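**Student:** show me the folded form of this:
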Amino acid sequence: MAMALFAAAARFAQLLCLPIFARMAGAENNIGGVLYTVGAALLVGMVLGGTAADKFGYIAGLGLSEVILGLFTLAMYTPSTSITPLYVFAVVFGLTTGTLTSVLPAAIAQMFGMQRLATTTGLVIAACAPALLFTTPAAIKFNYLVIEGSSVARLSAISGVLSIIAGFLGLMLPVLQRRYVESFTRKETTCVWPRK
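**Tutor:** Below is the predicted model of the structure:
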């Protein structure tokens, strides 16, 4: 759930501030095109990310998509005189978000089993809600700071680092899964049921 919280905080911050970055890049008239690019890349990411995860593993797909998004955020999500970095970021954002969306239920089923899929998925998605609650006012405050002439590098760094933290937490999921399975089987073997 910690991975979901960090990933959601990073994504909400990046998406809510996308119009601000477009305006700073002199592309406020092209913001519709940037958002369409995010949507198209999201669809492609759902298909290609899911296909790649079927081949290489669901849990690795979660972690790698977050690390890639974090690195691109740190490298490209900064004010520019050109719209090109914004479109590149929109494509990466859409692809990685599509991958996360398609792979998350399969990774949860792999880790916790089908009988716990609905409950665990609900808990993971609920963990994203605090991120939205905190990032929305932060994005509004950020908009005012940008209007006053503040730098946007701090927001880029924060959202990029949050994505990378989420990615490393995602890559650690196999270790956590092993510990969960070991503790679960230990409980089953030590449980003594009364005989009738």
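
**Student:** pull the helix or strand with minimum mean pLDDT from this structure.
**Tutor:** Within the chain, no helix or strand scores below helix 173-190, which has a mean of 68 by mean pLDDT, DSSP states H and E.

**Student:** report the longest helix in the chain, please.
**Tutor:** When the chain is parsed with DSSP state H, its longest helix is helix 117-147.

**Student:** right, and the helix or strand after it?
**Tutor:** helix 153-171 (DSSP states H and E).

**Student:** just the CA coordinates for that following helix, please, in PDB.
**Tutor:** Provided in PDB are the C-alpha atoms of helix 153-171 (Å, rounded to 0.1, in the frame of the first residue of the first chain):
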ATOM      1  CA  ALA A 153      12.400  22.500 -10.100                       C
ATOM      2  CA  ARG A 154      11.400  21.600  -6.600                       C
ATOM      3  CA  LEU A 155       8.100  20.100  -7.700                       C
ATOM      4  CA  SER A 156       9.800  18.100 -10.400                       C
ATOM      5  CA  ALA A 157      12.300  16.800  -8.000                       C
ATOM      6  CA  ILE A 158       9.700  15.900  -5.400                       C
ATOM      7  CA  SER A 159       7.400  14.100  -7.800                       C
ATOM      8  CA  GLY A 160      10.300  12.300  -9.500                       C
ATOM      9  CA  VAL A 161      11.700  11.100  -6.100                       C
ATOM     10  CA  LEU A 162       8.200   9.900  -5.100                       C
ATOM     11  CA  SER A 163       8.000   7.800  -8.300                       C
ATOM     12  CA  ILE A 164      11.400   6.300  -7.700                       C
ATOM     13  CA  ILE A 165      10.600   5.400  -4.100                       C
ATOM     14  CA  ALA A 166       7.400   3.800  -5.300                       C
ATOM     15  CA  GLY A 167       9.400   1.900  -8.000                       C
ATOM     16  CA  PHE A 168      11.900   0.600  -5.400                       C
ATOM     17  CA  LEU A 169       9.000  -0.500  -3.100                       C
ATOM     18  CA  GLY A 170       7.500  -2.200  -6.100                       C
ATOM     19  CA  LEU A 171      10.800  -4.000  -6.800                       C
END
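
**Student:** for the helix or strand where residue 34 lies, the averaged confidence score.
**Tutor:** Using DSSP H and E, the element containing residue 34 is helix 31-56. Helix 31-56 carries an average pLDDT of 88.

**Student:** again with stretch 67-85
**Tutor:** On average, stretch 67-85 scores 76.

**Student:** okay then, goodbye and thanks.
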